[in-house]
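Visitor: Quick check, what structure comes out for this input:
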Amino acid sequence: MTIQQRALLIVDSDPLLEKALSADPRFSTQSVIFVNSPRKSVSLLVDKGSIYGAIFVNPLISSPGIFEWIRTARKARPLTPLFLIEEKTAESAFEKLQLERLGVRGVIEKPCSLEKLWAAAKLFPLEPVSETAKGPVDIFADAVSEEFRAVEIEECFTEVPQLFDVYVRRESGEFVDILRAGERFSPKLLRAHARRGVKKLYIRNDTVERSLGFCRTLSMTLPYAHGLSAALQQRSELNSWESVTDRLKETREVSAEDVETAREFTGRASEFVTTLDCRSNLAMRKLFDFVSSTDQAVATTIVSAKLAPNLGLENEASVQILGVASLLHNIGLYRLPEKLWDEDETKMTENEKALYQTHPELGANILRKVEGIHPTVIQAVAQHHERKGGRGFPGKVLTVGLSPIGEAVGISNEFVKLICRKNINPEINIEQELDKNVFPLFSLPIVRAFKAAFWGGA
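Guide: The predicted model follows:
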């Protein structure tokens, strides 16, 4: 057998981390795989053709959230060492005991180097084994057992202590343990088994399921689980709301239940933003981090919730109208081809642009069929791309006819897009971009309210 090479899999949306790691000469697609999309990383986890020496993940990921992601990682890669990557100044996402029960082998603090990640993985060198090497257990490499699951032997070439008892399977079919949970493999032992033709090792299904069960329990008890950081609890709650928008994208319909869920989320979003004094650089960084790492509809709802009090929306009903309109503003877009969903008109053909610009009215038509939807929500969705002086689209409304709620959704969404652009290009100056390209498109009361909400003044 020829032993496969192993890569480090890193899952984080932080462009500064990717830039720092990629500066290392050893950084390549073969030795390090950096993924800024958690959803894409799930595909890599379940790809049986890939072998990873260690996996590193930011606990504040979204779509899927960290609990669902860890469950997938533990099911697909039960013996591959798993680590968290966190900001050095941040409150740790989990307590030590929770990390152990989740199967996380440690926490790596940023800023971190590639050297530090390789050191944490504690991999020992692989040695190619002759194809003629064949032992009596080789015929069971792809065998299926109800009690045991197979793991590629290459994933065990690490000195990180193993989570589970590890077994080999003899020619008789008997499973024999070769390592106890908490112990480390020695290079000599693994190479000896590889030379005998062993391709896979085995662990008991019930022990893996117990580990997955704790992860499930922890996620279901939020926000009451003890020991989780505030940031992780907030991130996990946002993930639950992202699942709503994911379903809307999939079904491309809105139900009365979806509207009620949107109302509930509006209340939670309002509670979240009350903790943000945006005159503080730390608070703004916190807001930017959440916005750039979450679904655009959820992010727009959070921003509009911060804007609401400065618009004079004090009562619950008015705040809910703005929140529901924000969360559902792009429902019409989901009826269009997926390649238009990023809303980058510079990449569209003229025909695609014309089609894209139909989505506000398309969304309004979808909402008109929903029982209990407020007419102001429908109007705001129809007008969220209208701009002062007849600019914007569909371009049917002049400034005097613009819906204040529609403008609030529009400016909130423009702010979200700017934050996401800055996440890709840190050189972008948010305030300058707003002054030059965003504020001139909105009415003076909306601009004043926005400045008061996020910069403390007009």
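Visitor: which residues of the protein fall in strands?
Guide: Applying DSSP state E to the chain gives strands spanning 7-11, 32-35, 52-57, 82-87, 106-110, 148-152, 166-169, 175-179, 200-204.
Visitor: Would you reformat those strands as CSV and include mean pLDDT?
Guide: Rendered in CSV, the data for these read as follows (pLDDT from 0 to 100):
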stretch, mean pLDDT
strand 7-11, 91
strand 32-35, 90
strand 52-57, 92
strand 82-87, 90
strand 106-110, 89
strand 148-152, 89
strand 166-169, 92
strand 175-179, 91
strand 200-204, 91
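Visitor: For the stretch 101-250 of the chain, just list every one of the helices.
Guide: Assigned by DSSP state H, counting those that start in this stretch, the helices in the stretch 101-250 of the chain fall at 114-121, 187-195, 205-220, 230-251.
Visitor: name the helices or strands packed onto the shortest one?
Guide: Packed against helix 114-121, as judged by 3 or more CB pairs under 8 Å, 6 or more residues apart in numbering; DSSP states H and E, are the following elements: strand 7-11, strand 52-57, strand 106-110. For every residue, glycine as well, the C-beta is placed using N, CA and C.
Visitor: which parts of that helix are buried?
Guide: By neighbour count on 16 or more other CB atoms under 10 Å, the buried set for helix 114-121 is 114, 117, 118, 120, 121.
Visitor: I figured the fourth one hits residue 83, correct?
Guide: Okay, so that is residue 120. Yes: taking contact to mean CB atoms under 8 Å, the distance of 5.8 Å between residue 120 and residue 83 places them in contact.
Visitor: Which residues are in contact with each of the two?
Guide: Residues touching both residue 120 and residue 83 (CB atoms under 8 Å, 6 or more residues apart in numbering): 54, 56, 105, 106, 108.
Visitor: Counting neighbours, what do you get for the spatially closest residue to the third one that is not a sequence neighbour?
Guide: I take that to be residue 105. Closest residue in space to residue 105, ignoring its immediate chain neighbours: residue 81 at 4.8 Å, by CB to CB, 6 or more residues apart in numbering. A total of 25 residues lie near residue 81 under the criterion other CB atoms under 10 Å.
Visitor: go on, the one 5 residues further on?
Guide: By the criterion of other CB under 10 Å, residue 86 has 23 neighbours.
Visitor: what bridges to it?
Guide: Residue 86 forms beta bridges with residue 109, as assigned by DSSP bridges.
Visitor: That one and residue 111 touch, don't they?
Guide: No: proximity of residue 86 to residue 111 does not meet the contact threshold set by CB under 8 Å, at 11.3 Å.
Visitor: Could you find the closest non-adjacent residue to residue 45?
Guide: For residue 45, the nearest residue in space outside its immediate sequence neighbours is residue 76; the separation is 4.5 Å by CB to CB, 6+ apart.
Visitor: thinking again about what came up before, would you reformat the strands of the chain as CSV and include distance to residue 385?
Guide: Rendered in CSV, the data for those read as follows (distance: least, CB to CB, whole Å):
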stretch, distance to residue 385
strand 7-11, 34
strand 32-35, 32
strand 52-57, 36
strand 82-87, 36
strand 106-110, 38
strand 148-152, 50
strand 166-169, 57
strand 175-179, 60
strand 200-204, 53
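Visitor: follow-up on the earlier one: the helices and strands packed on helix 114-121: which one's closest to residue 354?
Guide: The closest approach between residue 354 and any of the helices and strands packed on helix 114-121, judged by CB to CB, belongs to strand 7-11 at 37.7 Å.
Visitor: what's the offset of the closest one from the middle of its chain?
Guide: Taking the mean of its C-alpha atoms, strand 7-11 sits 15 Å from the chain's own mean (CA atoms, centre = their mean, to the nearest Å).
Visitor: Show me which residues of that strand are buried.
Guide: Across strand 7-11, burial judged by 16+ other CB under 10 Å covers 7, 8, 9, 10, 11.
Visitor: Same check on stretch 87-102?
Guide: 92, 93, 94, 98, 99, 101, 102.
Visitor: gap between the two ends of it?
Guide: 20 Å (CA to CA, to the nearest Å).
Visitor: Same question for stretch 23-40.
Guide: Across its full length, stretch 23-40 reaches 23 Å between end residues, using CA to CA.
Visitor: ditto for stretch 427-447
Guide: One end of stretch 427-447 to the other measures 24 Å (CA to CA).
Visitor: Also stretch 157-172?
Guide: Stretch 157-172 stretches 26 Å from its first residue to its last (CA to CA).
Visitor: quick one: that stretch to chain centroid distance?
Guide: Going by CA atoms, centre = their mean, the spacing between the C-alpha centre of stretch 157-172 and its chain's C-alpha centre is 32 Å.
Visitor: could you list every residue that touches residue 55?
Guide: So residue 55 contacts 8, 9, 10, 11, 45, 73, 77, 80, 81, 82, 83 (CB under 8 Å, 6+ apart).
Visitor: go again using 6 Å as the cut-off
Guide: Shown in contact with residue 55 (CB atoms under 6 Å, 6 or more residues apart in numbering): 9, 80, 82.
Visitor: The closest residue to residue 365 other than its chain neighbours: how many residues sit nearby?
Guide: The shortest distance from residue 365 to any non-neighbouring residue, by CB to CB, 6+ apart, is to residue 332 (7.5 Å). Taking other CB under 10 Å as the neighbour definition, residue 332 ends up with a count of 22.
Visitor: and if you look at residue 364?
Guide: The burial metric for residue 364, expressed as a neighbour count using other CB under 10 Å, is 19.
Visitor: and if you look at the one 4 residues further on?
Guide: In terms of burial, residue 368 registers 12 neighbours under the definition other CB under 10 Å.
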